[in-house]
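> give the three-dimensional model of this entry:
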Amino acid sequence: MSTQFSNLGINQHIIKALSDLKIEIPTEIQQKTIPVLLSSQEDFIGLAKTGTGKTAAFGLPLLQLIDIENPNIQAIILVPTRELGNQIFNNLESFAKYLSNVSIASVCGGVPIKPQIERLKETTHIIVATPGRLIDLIKRNAINIKETNYLILDEADEMATALKEGLEEIVSHLPKTRKTWLFSATMPGTVKQLIQNYMSKKMTTVSVNMEIVGNLAINHQYIVVDPIEKLDVLTHFLSSKEGERGIIFCKTKAAVNKLAKNLAINRFSSGAIHGSLTQPIRDRIMDQFRAGHINILVATDLAARGIDVSAISYVVNYHLPDVYETYVHRSGRTARAGAEGLSLTILQQEEVQEIPAFEKALGIKFEKFQKPKRESVEENNAYLWSKKIFKTKPNHEISIDLKDKIKTVFHHLTKDELVEKLIANYFLQNKTENNKVEKKVKEH
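So this is what the prediction gives:
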């Protein structure tokens, strides 16, 4: 391992930290990026799929370029969310394990600002920041970035909208001699505009072939459903993935809340995350997901930035994303660290015509996922119903007399006989409800 990273120009102190982390083989983006950033004086653009090691690609050379004799802030890493900021901060701290004089701080939003202000009174060489919090610190005169040598924009395609108003103010406080490094999984028009406005015309671009990196490990599939059966088909799929970890993406916060509530009702081990939740709640849910205490995360696109969990076996697009780049980020949550993964998109019939455009734009191929038969869906619903009964807490407000009367009704039945009758009753009730629904549909 040391030979490979040392050939890229990484020093022995960082290589030792990488060895502790069992990072042995540089990824393609790291091999192409690290030598350039260590030697070039030009601005830099790095294009690579999510999960290919971009943090180390810019983080390792950045740590090596820090002048420990200079107490000023020398590098700013801007990120779209605090979750991603925390991930990058923790990675940099790990990479800098044997660089005791390099000081790194996280100044992201969603947490109290006063401790961050106090932290910035100490020597700090690198800061990881969200745009809004950095602007707030600048306005309070709590941070001096006038000597900054490097501005790194990570996940630029996800951050472009948020940066539209704030970047100009941030840049106005930076020296014109700074170097800007931009990293992105895609290159939409908003990112091209950032490059045109804030980066030098003379720059180096490194790109990792998205098709080779992204598509061999991810199985892209779609399933066509009627709106009324969408939730049932999803829960059928989730039951088949019991014990595995996955993320379900919705377009809006309201949709995330509604779906998460339905999954909770059906006793799935799940949690919801979106921008309107308080940071402590988001942190708690993310910690539970990383630790494996919950297996399913229902999320909006931006809230899911910074989820770096290698054991995510599937991603579900509960709503088809509006833009191709969003699909890249969503599917990139799975198939990390060389693992395989499934990206399943749930479509209504009128949306199927959009699949060829996604395939052409992203260079991928979708396969059709077989929709389960109605009988199989009904059986799964019965299984979920049984789980709800099993996990229902006893009602201690019900009178003892009533409980005794009901027990008397069932006392001569064996457990197997009771279960048989419960199942039969469930399907009888379910058939009645389905007949009512079908009648209403016909009437309309």
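
> the bottom helix or strand of this protein by mean pLDDT?
Across the helices and strands of the chain, mean pLDDT, DSSP states H and E gives its lowest value to helix 210-215, namely a mean of 42.

> after that helix comes which helix or strand?
strand 218-224 (DSSP states H and E).

> who does that next one pair up with?
strand 341-347 (parallel), strand 367-368 (parallel) (DSSP bridges).

> nearest to residue 186, out of these?
strand 341-347 (15.5 Å; CB to CB). Every C-beta, even on glycine, is put in place using the N, C-alpha and C of the backbone.

> which residues sit against that closest one?
By CB atoms under 8 Å, 6 or more residues apart in numbering, the residues outside strand 341-347 that reach it are 217-225, 230, 233-234, 237, 312-320, 327, 330-331, 334-335, 355, 366, 369.

> buried among the residues you listed? Make that a PyMOL selection.
Typed into PyMOL, the line below selects the buried ones among those, using 16 or more other CB atoms under 10 Å:
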select buried, resi 217+218+219+220+222+223+224+225+230+233+234+237+312+313+314+315+316+317+318+319+320+327+330+331+334+335+355+366+369
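
> so who does the residue nearest the centre of the chain touch?
Central residue of the chain (CA atoms, centre = their mean): residue 304, 3.1 Å from the mean position. Residues counted as contacts of residue 304 (CB under 8 Å, 6+ apart) are 247, 249, 273, 297, 329, 330, 333.

> looking at these, which is nearest residue 159?
Nearest member of these to residue 159, counting by CB to CB, is residue 329, at 11.6 Å.

> can you tell me the number of residues neighbouring that closest one?
24 (other CB atoms under 10 Å).

> where does it sit, in terms of helix or strand?
Using DSSP H and E, residue 329 maps to helix 324-331.

> next secondary structure after the helix or strand residue 5 falls within?
Assigned by DSSP H and E, residue 5 belongs to helix 2-7. Moving toward the C-terminus from helix 2-7, the next helix or strand (DSSP H and E) is helix 12-20.

> and the contacts of that next one?
Counting by CB under 8 Å, 6+ apart, residues outside helix 12-20 touching it are 1-2, 5-6, 10, 24, 60, 63-64, 94-99.

> got a list of contacts for the helix or strand where residue 377 lies?
Using DSSP H and E, the element containing residue 377 is helix 374-391. Applying CB under 8 Å, 6+ apart, the external contacts of helix 374-391 come out as 229, 232-233, 235-236, 239, 265-267, 372, 422-423, 426-427, 430.

> now do the buried residues in the following helix or strand past that helix.
Remark: after helix 374-391, the chain's next helix or strand is helix 400-410, criterion DSSP H and E. Residues of helix 400-410 classed as buried: none (neighbour count, 16+ other CB under 10 Å).

> mind checking how far helix 400-410 is from the chain centre?
50 Å (CA atoms, centre = their mean, to the nearest Å).

> now it: average pLDDT?
Confidence for helix 400-410, expressed as mean pLDDT, is 92.
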